[in-house]
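**Student:** From the sequence below, what's the structure:
(2 chains)
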Amino acid sequence: MKILELSVGGYKNLRKTKIQFGKSQITAIIAPNNFGKSNLLEGLKFAYDFIHSSAEVRAVMMGNLWAIPINKFLEEENFYFEVVFENINGSTKSLIEYSFEFAWKKNMEFQGSKILSESLRVKEEGRAKNKFKAYLIRNSIRSEYQSSPSGRCDTQVRVNSTDLIIDKMRMMDTLFYGHLIDEIYNLNFTLPDFMEAEGSTNIFIGYDDNDGRKNFAQFIYNLRDRENHLYELFINSLIDLIPNIESITPSAFDLKIDPKPNDSNGIPFSRPEKIFDLQIKERNNNQSTGVRFLSKGTRRIIMILASTIEAVERGHSFIAFEELEDSIHPHLLQRLLMILKGLAPDVQILISSHSPYLVQYLPIECVYFGLPNDSGIAGFSKIKLSKHKTIMRIASELDLNLGDYLFDLMSDITPDEKFQAEYFDSQV
Amino acid sequence: MGDKRLIVLFVEGETEEVFYKYLLDHWRQIGGVSIIETKIINLHGIGNYAKKSVSKYKGEICRDYPNCKHEIFLAYDTDVFELAKKPPVDWVKVEKELKTSGAVSVTHLKAEKMIEDWLIFDLDGICSALKIKKPGKLDAISGHEKMKKLFKNANRVYQKGFSMKDFIPKLSMQKITTGVYTTLSCLKDSLYPKE
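**Tutor:** Numbering: from 1, shown residues only, chains lettered A, B, ... in the order given. The predicted model follows:
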């Protein structure tokens, strides 16, 4: 499944924003600090979590104090999410558009904490009239779906205010587009949080992750047995980026002193007590060392690569990185982008960035700008197609790389609506 | 300026730098005739190509070889690589600035589509260097895509401009130059002393 567009809005200070993934596979959002880049990524994660949650959890999510918009200009805004993806079923290629909207918790209880709308539309390529066809419509007036291939979207369905209709459709064995509902549920999203690694190696070494703690060393250790080709890709990519590293060996140490499970004592379940680490042999060192002796930048590269490989192994369709360039030398950025694309050819990658060195490598149509405004609202837009050549020409004339020029342009952008309207696509 | 000639080759990345070095060595070995002095200058990294090439030309070439006729070759791909630095190089501007700075001639060495389309002429050498079996069929539209597939077979990610530099010494320049004889002939012809 290939995601083509994601839209989210009504989350913290985020206005409805549509991100279209072009052929490039890597898309960037750039904006000053505290603008709302993280809110865009978190909003998408929130939407994914909402789909995968029970009705009870959704009720709680709709009252999430961290997420409810309190910006004066967005306080009445509902949360909105939409995904457009491509599906290939046999010889049929379709575009699928799914969306939902809910009202946040309100002081007047009856007004909030309820799903207001939901929609599923499908467009099959090669059809005579190539339009989207509604398979599911939900609004304040109706909740209906199409139950048979030759029918219309008029079969009523009863649904509670915290249920999504797709929850019910998922239970219908004979639904002719059940595979599309499965695809929506299979949408999965990786948003690695590397904050924990700042000054700490706990994210690398640690106990068996049955206790739920993230542990990169264990992931890489198990990858070697589970998916050796992904493991080899990971190792080779890391050595390509850090040529001082000669070898990386994931290691595990069993702390158990009790009898092993295959002994005759017959314990029904032996709780694992392994601790994992990565042993790194650097070219000029006379011995291997653990991951805690690596630089912050190298550890970050390991985390980026491992997170990407994990997304591939789990079949995730989308991964996002905040400030990919953090702690990474500018000369490595182009290689890192190539490696990410090569490791995860079927995964859409969204990055937030403060680095002109990184942005200069991306096609201009894959960069979204946070446009300043006086209302404190986060909205992101692309430069108009008609302005691409102008931008390139000016950058060339000024002897600037594209990244430097775009960041200069961003610092010059005022909340001048006329200028923004001239240069940028209108926001959703 | 004397009669002595100097060939200067400006390239864009590590792959090209190593390729042309080995290419020149190959011609040197098989030529039987001393080829004239050549300098390869890699303009990789952050910075503007036009400015950098002129700066390097004036700062290094003109300084170190003041009494030579400088014949410049600009080596680049004709196809745009998606993750290449932007904006793309204005080669006409580069040529103009180098001629204004004193270059006797500027010739464009264009790799039709990308240098990978040249390197793939030695498919056996690439597979041997990657320690993989030669595929029966390599279905891809360009040399770059073929290279990506070959590297993937070796559990590696191909990185344009970087990945091949360690492999080029293991490739057959004979096979590659046979494949792109027409494009490289202008460079080869320039390497021999003119009567």
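**Student:** Enumerate the residues of chain B near chain A.
**Tutor:** B:45-48, B:50-51, B:82-88, B:90, B:93, B:148, B:151-152, B:155-163 (Cβ under 8 Å from any Cβ of the partner chain). Using the backbone N, CA and C atoms, a C-beta is placed for each residue, glycine as well.
**Student:** For PyMOL, write the select line for the buried members of these.
**Tutor:** Here is the PyMOL command that selects the buried residues among those (16 or more other Cβ atoms under 10 Å in any protein chain shown):
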select buried, chain B and resi 46+48+50+82+83+84+85+86+87+90+148+151+152+155+156+157+158+159+160+161+162+163
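**Student:** element containing the residue in the stretch 101-250 of chain A that chain B sits nearest to?
**Tutor:** Residue nearest to chain B within the stretch 101-250 of chain A: residue A:232 (3.5 Å; Cβ to the nearest Cβ). Secondary structure assignment for residue A:232, by DSSP states H and E: helix A:228-241.
**Student:** Enumerate the residue intervals of chain A where per-residue confidence is below the cut-off.
**Tutor:** A:127-129, A:194-214, A:259-265, A:428 (pLDDT under 70).
**Student:** for the host helix or strand of residue A:41, packing partners?
**Tutor:** Assessed by DSSP H and E, residue A:41 sits inside helix A:37-51. Contacts defined by 3 or more Cβ pairs under 8 Å, 6 or more residues apart in numbering or on different chains; DSSP states H and E place helix A:37-51 against strand A:2-9, strand A:26-30, helix A:55-61, strand A:79-89, strand A:189-190, strand A:318-322, strand A:348-353.
**Student:** angle of the last one against strand A:318-322?
**Tutor:** Here strand A:348-353 runs at an angle of 10 degrees relative to strand A:318-322 (axes from the mean of the first three to the mean of the last three Cα atoms, to 10 degrees).
**Student:** close to chain B, is strand A:348-353?
**Tutor:** No - judged by Cβ under 8 Å from any Cβ, strand A:348-353 stays clear of chain B, getting no closer than 12.1 Å.
**Student:** what about the helix or strand just after that strand, near chain B?
**Tutor:** The helix or strand immediately downstream of strand A:348-353 is helix A:356-359, counting by DSSP H and E. Yes - for helix A:356-359, a contact with chain B is found by Cβ under 8 Å from any Cβ, at residue A:357.
**Student:** Tell me the helices and strands packed up against helix A:356-359.
**Tutor:** On a contact count with 3+ Cβ pairs under 8 Å, 6+ apart, helix A:356-359 meets strand A:26-30, helix A:330-343, helix A:402-412.
**Student:** Chain B: strands as residue ranges?
**Tutor:** B:4-11, B:38-42, B:68-77, B:105-111 (DSSP state E).
**Student:** quick one: average confidence on the first one?
**Tutor:** Same thing as strand B:4-11. In this model, strand B:4-11 has an average pLDDT of 91.
**Student:** Show me what that strand is packed against.
**Tutor:** So strand B:4-11, by 3+ Cβ pairs under 8 Å, 6+ apart, packs with helix B:14-31, strand B:38-42, strand B:68-77, helix B:181-190.
**Student:** check contacts around residue A:234.
**Tutor:** A:220, A:223, A:305-306, A:309, A:343 (Cβ atoms under 8 Å, 6 or more residues apart in numbering or on different chains).
**Student:** Out of those residues, which are close to chain B?
**Tutor:** Within those, those near chain B by Cβ under 8 Å from any Cβ are residue A:343.
**Student:** Out of the contacts of residue A:234, grab the one that's most surrounded.
**Tutor:** Sorting those by how many neighbours each has (other Cβ atoms under 10 Å in any protein chain shown) puts residue A:220 first, at 26 neighbours.
**Student:** Skipping adjacent residues, who's closest to that residue in space?
**Tutor:** residue A:250 (4.6 Å; Cβ to Cβ, 6 or more residues apart in numbering or on different chains).
**Student:** The one you found - that's part of a strand, no?
**Tutor:** Yes - the assignment for residue A:250, made by DSSP: H, G, I helix; E, B strand; the rest coil, places it in a strand.
**Student:** distance between the longest helix belonging to chain A and the chain's centre?
**Tutor:** Using DSSP state H, we find that the single longest helix of chain A is helix A:296-313. Distance of helix A:296-313 from its chain centroid, counting by Cα atoms, centre = their mean, to the nearest Å, is 14 Å.
**Student:** which other helices and strands contact that helix?
**Tutor:** strand A:189-190, helix A:216-226, helix A:228-241, strand A:318-322, helix A:330-343.
**Student:** highest average neighbour count across those?
**Tutor:** strand A:318-322 (a mean of 23; mean count of other Cβ atoms under 10 Å in any protein chain shown).
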